[in-house]
Structure formats: C-alpha cells, structure tokens
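Engineer: The amino acid sequence is not available; the structure is as follows:
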C-alpha cells in the first residue's frame, strides 16, 4: 500500500520531529531531539548553531547518510520530487533514495579537498555525477556541460580548467568546482554545510553571492548551515537557531536579528562583533556547551541561561508563537 | 581479569603512597598521572592477549633469573662420560609410563634437557633484552636529532642509517664472529672484573670466557644491526611533532634544543617506540638463536638454545626429535610472549582506543 | 623613534626558498614598515598568503628575517641570538591559534605554566600558591592545575595558553588567531579576557586574524596586508568607515555583517581575478592586476606607504601625490 503524503504549495522539503541518536561507548548521544523545519522552492533557510548543536547530523539524516553507531529513531522528511510526487526520504526504498541523492538533492561540504578525488579531473567528476543519474549521457556531451557549469561558477578559462586535477586549483576554485559538480544535475535542494568556512573572505563573498544567484535563477531550495551570523544575515530568508539538538527559535531573518526572543539567540547576537558599530561591548555566554549524553531534564539551555526559572529546570518548554512565522521555545514567553 | 586489575591498582597505590611519604602532596600533583596508570592497568587487564603475553614473559623472566641457580645438573658435566653411551639423546621419559629418568630426555652429551633449557633461557633472555636496550636508545637519539635538526644533519644520519639497514645482519654477524671473539677473549682474559661480571650475567662459569666472548660478539653484531630501525621510526614521528605549536611555545620559553627534544618531543614519540621494542625483543631472541644455530655463537659446553638445536640436527628425526621439538617450542613461546605483549601495549598506548576504554572503566565504576 | 613606540619594524623582508628550486623564492613578507605604540593593540588582517602569520613570527624572532630591521624598546633585536634572544622572550610572547596543539599533551597544566618561570629563573616563592593566584587571572581554578590538557575544554585550554604567555609579565604579546578555533560563545569570553588582561597588566598586543570583525573589535589600529606588503594602516573605526586603498575597500565589503538591513543595503564590490603567486608577484603595485583604478604608473612602480591624514597611511598611487 503506497502511503499518500501531502505538502503545502511551494514547499520543497518538510522535516518533522526528527530524532537521531548515537550509541557509543560513552553512552547514548542525543544528537537530534525532535527537529522540525521546512524549505520552500527558491528560498534559503539557515541552520545556525555551534559545535555539537546537531545541525550537521540533521542534514545528513535527511538523506539517511547516518552510519552506525548512529540511528535515525523517528521523524518524517517529506520531499517533493521533480515529477511532483512526494516521498518520505526516511522511509523510501534505498534505490529510489540513491536516485534522489546527487540528482535532486545535492550537498556541498565544508572541505572541498576531501570532496574531490585527487586522481580524477574536475571534468571527470562532473561526468561521473551526471552519468550516475543519466546513464545515456556521453562523455562529449557531459564535458561540454561541465565547461558550461564551470563558467557559471565564475571559474576563468573553464575550457582548460575542466581538465585540471584538484591539486592544480586553489582552495576557492576547488570549492567552486564542488558547487559546479553538485549543480550538474540541476538539483531541487542544495544543502551547503559551512561551505565557506576555510576560505578567504573575498572568495567567501563571491561564492555565497554565486550560490544565491544560481539558486534564484533555478528556483533551488537551499539549506545553509553555518555558525557565522554575518553570513546568515546576508544570505538567509529564514533562520532556525539550534542548541543541543533542538531548535530553540525560528523565524524570518529580520525577526531573529531585530526581535530575538530566546535567551540563547539574544546572547549569541551580542557575542558576535558587528564591524559597522563604533562602540560595542561583546557579551560572553557563560559556561560551555552541554554534553548530549544523558541530558539533564528541563530546558537544555537552563544551566547557562541568565533568566532561568525553576520551571526551566524541570520541564522542556514547547514553542510559543511570537509573531507570524516567528516562534521560540522558552518558558519566559508563556505569560504572553 | 578483575583480580589482575585490582592487583595492579593496589600496586599503583602502594607506589603512590610511597612517593607521598617522600614528598607530601605528591598524590594531588600527580592525580591525573595516577588516573592514566589506572586506565592503562584496566585496559591491560581487559586484553586477553596482553594478559597471556604478560604471563609468559613474567614466567620466562622468573625462570631466567633463577634458572642457573635451580638447575639440578651443571652444564659442564658430560653425563655420557660418567653414565654411559645410552644416555646420548635419550628419549623423553614422561610419567606415568616412565619414571626416574630425565623427563624430557637428554641432549648429545647426556645432560638433562630440562635443566639445560634453564641455562638457555637465561642466555636468550639476556641477549635479547640487552640488544634492544642498547640499540634502541642509540637509534632514538639519532632519530631525534635527524628529525628535529633537518638539513645536513638529517641527511648524514639518514644515509648512515640507510647503509646499516641495507647491510645483511647475517653477513655482519659472520664477519664479526671471525674477528671479534679473539679480541674480546684477550680482553676477558686480562680483566677479571669483566670476566666475573659477564659470567654472572649469563649464568655461566668464568672458565667459559672464550664462549662468553663469542656471545659478546653476537651482541655487538646485533646491536649494530638493530638501531637503524628506531632511527627511521623516531625521525618520522619527530617530523610531525616538531610542527606542533607547543614546540614553538617551548622555544619561546627559551628552552635549548636538547631540552626541547627530551622534554617535549621524546614523550610524544615514545609510544610507538615502546611497542617496537617489545616486538624487537621477540625478534632478537630468535635472531640470536639463529646465529648460534649457524655456529657463530658459543660452542661446547654452553647450552645455548640455538646451538643445541643445531647439534641435534644431525640426528634428526630418529634420535633427537625431542630436543628439536622441545627447544623449538621454548623459543616459540618466548617470542610469542613478547609479541602478544607488544600487541596489547600498542592498543593500550593508542589514544583513540584509550578513550573508549576510559568510558568503559567509568561505567564499571558506577555499577 | 619616540619613547611610546614599543616595537618598530623597518623594511622587513622574509623570503622562503621554494623546494626543489635554487632561485625561486616565496616572498612571504616583502618590505614592511610598521610600528606599535605602548599599550595599544595593532590588528593585522589579510587573506591567505598575505604574510601576516610570518610577520608575527618575525617580530618575535621565531624565524630570522631575510633583511630589514626590528626594534624593541629602541633596541635593535634583528640579529639577536642565544641568551640575549631568550631575554627578549621574557618580554615578548605569543598565543597560538589552536589550543589543542599548543599545549604539550603529556604535561600537566602546572608543569606547562612553570616552564617559562623556571627557564628564566624567576623567584615566585611557593609554586603552588603562585600558580593558583595566576590561574585566577584567567578564570581558572586550582583544580585545573594538575590536569592534563585533554581533560580541559577548548576555551579552558586557550586560557591556559594565554596565562602561559603572560606569566613572565611580558610587555608585548602577539596573538595569532587566538579565537579562530573556538566556538562563538567561547570566543567572546576569550576576547573579553584578553582586553581585561591588557588593562590589568599594561600589555601591548599585535592581533593577527582573518576575521576582520573580531580584529576591528579588539584593535585600536589596523594594518591591511596584501602579498607580503602593507597596503593601508589606520585607526580601526576610521579605516572601516572610510577605506582608501582599493584592496581594503574590496576586503571590507566582503565581510559579512550580522545585521540584515545593513547587509542588504550594502553594495558589494566584487574583486576580479585570482590572487597572484607570492613567488612571482606582479611588477609595480602588487594589486594592479585586479584593481579597477589601475593607472600606468601602477604597473611600473611600487607605491610607497605614505601618510595621507592623521594616523592613516596608504600605499597607493591614487593617494601618493598628496
């Protein structure tokens, strides 16, 4: 019996109540504890958080890229395919999933060097990606498309570059090549995990602008994972703030930056220097990121929260609506 | 295993309280170190091959130390002379079928094999350990210098190392065996302290100083062959450690090159070396036996294991099968013990497996 | 040189030999003039290959300059060696980027901290008392003293690294990307700590980082480097509001601003081309191959670093005539 799923108009991906745990020597790591979000066609959402908040695990889990000792315990990941059909990525057959990966959903990772096989040229990488999903394609056609893609990602002299090996290119060019490879099958969804963290700031700006342009042109949905609030402000339409495996606040970018409600969001914004301001004082967030093994009861942020109440130590807060499209999980919002 | 861990823990704490008595406050200052030791003890007790290997080595060690003292037959008496020809290569006499005769039979000269092997264990043990204990530091120091200094120093040391590595140890041993023994013999003849010392070390009589000279020349040859391996390994590790910022920080603190090598670089490269040394002792045991087998080592009446096997080869397998089998198995077990120990050590000293073991220990403590 | 200048560098160059080639050289630092006043923080920014990390190490004499001079408190330290060099290191120290590799994993925190003390044979009385008091300065407690580095968090390790650098009460500290390996929430803690220590102990900092927002926050003055040369120096706020050098303008416009309205209203200047190789830099002004304002003179002659207004220096032919 084929289950019928439904998605709202324009929504490309909808994840609900995703739970991922890692069964390690040290104990059970609650990496992701009930995360829900959605991405519309042509929009960019940002998953923001620090190390260990679960943002990377979440995006890997969507296409079941989690390996033992990790386990996707529960959740739903509805995806609207090119042909209009809607599937649950967490339950669909393995061979269907493989068709989707690399073709309809593409990844761009942080380190371009490890995403590229040093033994093959860039052109071959693109050819390989295309052939995996379009077996009929010939090398000639694929290489022509490769040159075109490299041109799109602003790599100069693409005709020669297509024959380059990864080590013959600079870091910025490699990352652009990786983007070209991920775009070779014109995906519906692009997941970029800290795509510019290791790059120079001028290259970073170029690449992010490039991604934005391509995304708008081709109506690709993008999930941008980052801990850099500047990048979020400049590139994201909507933002999800993650902490200790949960989403603590979500909203449209302006709402998050100008009307943050969750204490963590507020502190995070005040811990990041804004160069356009003349005088500022950074506020440090006391304490450290909690261990995800046997987490304590109550709100995960309460040990570091300057506004923590007694209730915060006992019960986990649900989401409270702040304004349309903006909500946060904090007991302080209850009275409103 | 549980008992072993408890016993090791008690030993650690005994040592700790002893140090505490010497300088109060020692325990707080070294609490992390003590934790590390406990962790290693736990990891060791949990490793079956480690425990077996360690047991073998321990037993061999005890036998090596007390062997020559408890051997009930002196090796310098040729029994066939006193007891007759039928004692040559007498077959093993195992109860309950047989009694009153040497349990494992006799060797070519009618000596009780079991008693002879006690002497043999001492000799093999001493040679293998001392070769590694002499060769390793030499190789380590050169490796440290080569890796840290780089440039010309590195090139020179590595090329010399290459030459020694390329040299077939056997040829070197043969060359030494033809030249050295006379020289050393002359030295031992004149120097009575050295004579007494080496005789005691090997569990032999002083009158055998000629054979001791042969043993020492094998020693020499082996040390010369053994150190290059360490230089290579250490140099490789040093190359990666010296790039670490904490080395730069040590420079900024004003430490001299030597101090940096000993205090900062050495402790961080020593783990694989310790493992290598353990395996090497196994190899050295067999190599020394092999050299004796070829006749390059001590001759009659010294009951060196390899030498005894070689002599038995003539009458193999009709009359001397028991000699070859027993002594061969003994060598095997000695080498195996060190190998197993080395394997376990490698796992214990690896920081990655360390963390997994750490958590298991915490869990058990909680129970 | 006035008495309030702590460190000065003139014509500093450092060339590295290229492996496998006798003549090719990487011009990491290629003629730098710089000064740092007592008590201030000079920020040094630039992208990969600009030479800022090499500059930091040159100034501390961790590596020897190819040519040029370095002055510390009016003393020429360019060719210092042996005991005198070690004496210099009592007064000038460094904090490294990665706290996980800048502490010897086999030593306890106490031994790490005692090392510089013992090396310089400083009298501190009871060692444990002394260390405990010092640890308070960086927000750590006595219980951390006898632990190994791997038992501490990243932020705590960096605090130890900072303490190690200041334990001999130096006058000058080079901070090489001190927060780049840390999480955002921890970063703010460390930056505040550094500012606090600067006040308490009258320290002078050279803050090197690729994160321009952080550098601007920490520094009074900022220097922008490109391909081994300084292209602009000035007060941080002024420089950010009104950058003169074309490269500075590109660089600053690329910095992401954590403010959506400001970010969207900004005009991003897009820099052309790829950065040239530091082995074979272009003749004349290094930046001319990518500069939209390039003139003929730029291709032939290197512009000198000149003062264009109070405290601002620029190396560009657009401003040199003044």
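Structural biologist: Sure thing, it's come through. This is a predicted model, so every value here is computed, not measured. Numbering: from 1, shown residues only, chains lettered A, B, ... in the order given.
Engineer: What does the pLDDT read for whichever residue of the stretch 151-300 of chain A sits closest to chain C?
Structural biologist: In the stretch 151-300 of chain A, no residue comes nearer to chain C than residue A:230, which is 2.8 Å away by Cβ to the nearest Cβ. All C-beta spots, glycine's among them, are computed from the backbone N, C-alpha and C. Here, the pLDDT recorded for residue A:230 equals 92.
Engineer: Leaving out the residues flanking it, which one is nearest to it?
Structural biologist: residue C:256 (2.8 Å; Cβ to Cβ, 6 or more residues apart in numbering or on different chains).
Engineer: And for residue B:345?
Structural biologist: Nearest one to residue B:345, counting by Cβ to Cβ, 6+ apart, is residue B:275 at 5.2 Å.
Engineer: Now do the same contact list for residue 31.
Structural biologist: You didn't say which chain, so I picked chain A. If you count contacts by Cβ atoms under 8 Å, 6 or more residues apart in numbering or on different chains, residue A:31 has them with A:20-22, A:54, A:57, A:70, A:245, A:292.
Engineer: To clarify, I was referring to chain C.
Structural biologist: C:11-13, C:68, C:228-229.
Engineer: if we go to 10 Å?
Structural biologist: C:10-13, C:67-68, C:228-230, C:302, C:304-305, C:315 (Cβ atoms under 10 Å, 6 or more residues apart in numbering or on different chains).
Engineer: ok so, going back, residues of the helix or strand hosting the residue of the stretch 151-300 of chain A closest to chain C that come out buried?
Structural biologist: Element membership for residue A:230, per DSSP states H and E: helix A:229-235. By 16 or more other Cβ atoms under 10 Å in any protein chain shown, the buried positions in helix A:229-235 come out as A:229-235.
Engineer: The residue nearest to the spatial centre of chain B: what's it in contact with?
Structural biologist: By Cα atoms, centre = their mean, chain B has its centre lying nearest to residue B:129, at 3.0 Å. With contact set as Cβ under 10 Å, 6+ apart, residue B:129 has these partners: B:61, B:64, B:277, B:280-281, B:284-285, B:338.
Engineer: Let's see the ChimeraX selection covering just the buried ones among the residues you listed.
Structural biologist: In ChimeraX, a selection of the buried entries from those looks like this (16+ other Cβ under 10 Å):
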select /B:64,277,280,281,284,285,338
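Engineer: The contacts of residue B:129 in helices, which ones?
Structural biologist: Members of the contacts of residue B:129 lying in helices (criterion: DSSP state H): B:61, B:64, B:277, B:280-281, B:284-285, B:338.
Engineer: Considering those residues, which is situated nearest to residue B:291?
Structural biologist: residue B:284 (10.3 Å; Cβ to Cβ).
Engineer: List the contacts of that closest one.
Structural biologist: Here residue B:284 is in contact with B:124, B:127-132, B:135, B:222-223, B:225-226, B:277, B:335, B:338 (Cβ under 10 Å, 6+ apart).
Engineer: switch to 8 Å and redo it
Structural biologist: B:127-129, B:131-132, B:222, B:226.
Engineer: For residue B:212, see how far away the nearest residue to it once chain neighbours are set aside is.
Structural biologist: Once flanking residues are discounted, residue B:284 sits nearest to residue B:128: 3.9 Å by Cβ to Cβ, 6+ apart. Going from residue B:128 to residue B:212 by Cβ to Cβ, to the nearest Å gives 17 Å.
Engineer: likewise residue C:93?
Structural biologist: Residue C:93 is 58 Å from residue B:212, by Cβ to Cβ.
Engineer: now residue B:63
Structural biologist: From residue B:63 to residue B:212 the distance is 21 Å (Cβ to Cβ).
Engineer: Same check on residue C:298?
Structural biologist: From residue C:298 to residue B:212 the distance is 83 Å (Cβ to Cβ).
Engineer: neighbour count winner among the two?
Structural biologist: Using other Cβ atoms under 10 Å in any protein chain shown as the criterion, residue C:298 and residue B:212 rank with residue B:212 on top: 26 against 22.
Engineer: got the contact list for residue 171?
Structural biologist: Using chain A. Residue A:171 neighbours (Cβ under 8 Å, 6+ apart): A:112-113, A:198-200, A:203, C:48.
Engineer: Please refer instead to chain C.
Structural biologist: C:6, C:38, C:73, C:91-92, C:202-204.
Engineer: Give me the phi and psi angles of residue 68.
Structural biologist: No chain in the question, so chain A it is. As for residue A:68, its main-chain torsions (degrees, to the nearest 10) stand at phi -60, psi 140.
Engineer: Spell out whether the one helix or strand residue A:224 maps to and chain C are in contact.
Structural biologist: Assigned by DSSP H and E, residue A:224 belongs to strand A:221-226. No: on the criterion Cβ under 8 Å from any Cβ of the partner chain, strand A:221-226 is out of touch with chain C, staying 9.5 Å away.
Engineer: if you average pLDDT over that strand, what comes out?
Structural biologist: 93.
Engineer: Off-centre distance for that strand?
Structural biologist: In terms of Cα atoms, centre = their mean, to the nearest Å, the centre of strand A:221-226 is found 4 Å from the chain centre.
Engineer: Would you mind pulling up the elements that it packs against?
Structural biologist: Using 3 or more Cβ pairs under 8 Å, 6 or more residues apart in numbering or on different chains; DSSP states H and E as the contact test, the elements touching strand A:221-226 are strand A:11-24, strand A:27-40, strand A:44-48, helix A:55-62, strand A:189-193, helix A:201-218, helix A:229-235.
Engineer: strands paired with that strand, and their directions?
Structural biologist: strand A:44-48 (parallel), strand A:189-193 (parallel) (DSSP bridges).
Engineer: Nearest to chain C: which residue in the stretch 251-367 of chain B?
Structural biologist: residue B:254 (3.8 Å).
Engineer: What residues does that residue make contact with?
Structural biologist: Applying Cβ under 8 Å, 6+ apart, the residues contacting residue B:254 are C:86, C:89-90, C:116, C:119-120.
Engineer: which of these come close to chain A?
Structural biologist: Okay, of the contacts of residue B:254, nothing touches chain A (Cβ under 8 Å from any Cβ).
Engineer: List buried members of the residues you listed by neighbour count.
Structural biologist: Of these, these count as buried by 16+ other Cβ under 10 Å: C:86, C:89-90, C:116, C:119.
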